[in-house]
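**Student:** Below is the sequence, then the predicted model.
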Amino acid sequence: MDGRLVLLHGWGANGDDLKPLGDRLACETSKELDVVCLEAPELHPDQPGGRQWYGLFPAQWSAVPQAVDLLKAQLQDLSRSGLGLEQTVVFGFSQGGAMALDCSCSLPVAGVISCSGYPHPNWAPPKQHPPVLLMHGSEDPVVPFQAMQTISSQLQSDRCQTLEFKNGHTIPDEMVQPIVLFIERVLKSA
């Protein structure tokens, strides 16, 4: 294995939600990837079979530190199975994107990808953070497009790439190739 791709689903989805994307990325990259879809720890209050990293409506921001610590522990546990954090790319969508940023920017992972994510309140990324790829739809009705600009302004510009797409709250087909290129680049330098 050349690396590990850890996928973090959005609010109300579950661990299976991003599996097709992970499998596709593993097929399209030149790297041999171990794809891991993590599942949020809490049941979603309204979505049968859905999960959440923390409550969102209303937002339970006080639960974020515990959720981040739990995710860090999961990532560190995974790193003990042969592929270290430096060979791990963490990809999150929406709430999973917020979790990927908050958790992984302070870990020595190879890279962080956030699609349609947002910054947690009082998030302060370290000055030295892994390479980050941010993607966001300019017509996103769920998480405003400005969230990407806010995240980008908090990160080192030379370590953060931003990509805008025209769709709403989704991971469109045209973002697959940029994700593949990012994965290949950060794992090559790992």
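**Tutor:** That came in fine, so what should we check first?
**Student:** which stretches of this structure form strands?
**Tutor:** 3-8, 33-38, 42-43, 51-52, 88-93, 111-115, 132-137, 160-165 (DSSP state E).
**Student:** name the helices or strands packed onto the third one?
**Tutor:** The one in question is strand 42-43. strand 51-52 (3 or more Cβ pairs under 8 Å, 6 or more residues apart in numbering; DSSP states H and E). (Glycine included, C-beta is placed from N, CA and C.)
**Student:** What helices and strands are in contact with the strand it packs on?
**Tutor:** Taking 3+ Cβ pairs under 8 Å, 6+ apart as contact, the helices and strands that strand 51-52 lies on are strand 42-43.
**Student:** Show me the one of the strands of the chain that comes nearest Asn14.
**Tutor:** strand 51-52 (5.0 Å; Cβ to Cβ).
**Student:** Other residues contacting the closest one?
**Tutor:** Residues outside strand 51-52 that contact it (Cβ atoms under 8 Å, 6 or more residues apart in numbering): 9, 11-15, 39-45, 95.
**Student:** Quick check: which of the strands of the chain is nearest to Ile171?
**Tutor:** strand 111-115 (5.2 Å).
**Student:** Turn the strands of the chain into CSV, columns for mean pLDDT.
**Tutor:** Compiled in CSV, those are given as follows (pLDDT from 0 to 100):
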stretch, mean pLDDT
strand 3-8, 98
strand 33-38, 97
strand 42-43, 94
strand 51-52, 97
strand 88-93, 98
strand 111-115, 98
strand 132-137, 98
strand 160-165, 96
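**Student:** helices or strands up against the longest helix along the chain?
**Tutor:** When the chain is scanned for its longest helix (criterion: DSSP state H), the result is helix 64-79. The contact analysis (3+ Cβ pairs under 8 Å, 6+ apart) places helix 64-79 against strand 3-8, strand 33-38, strand 88-93, helix 95-104.
**Student:** how near is the residue lying closest to Asp46 once chain neighbours are set aside to Cys103?
**Tutor:** Nearest non-adjacent residue to Asp46, counting by Cβ to Cβ, 6 or more residues apart in numbering: Gly12, 7.6 Å away. Look at Gly12 and Cys103: by Cβ to Cβ, to the nearest Å, they are 20 Å apart.
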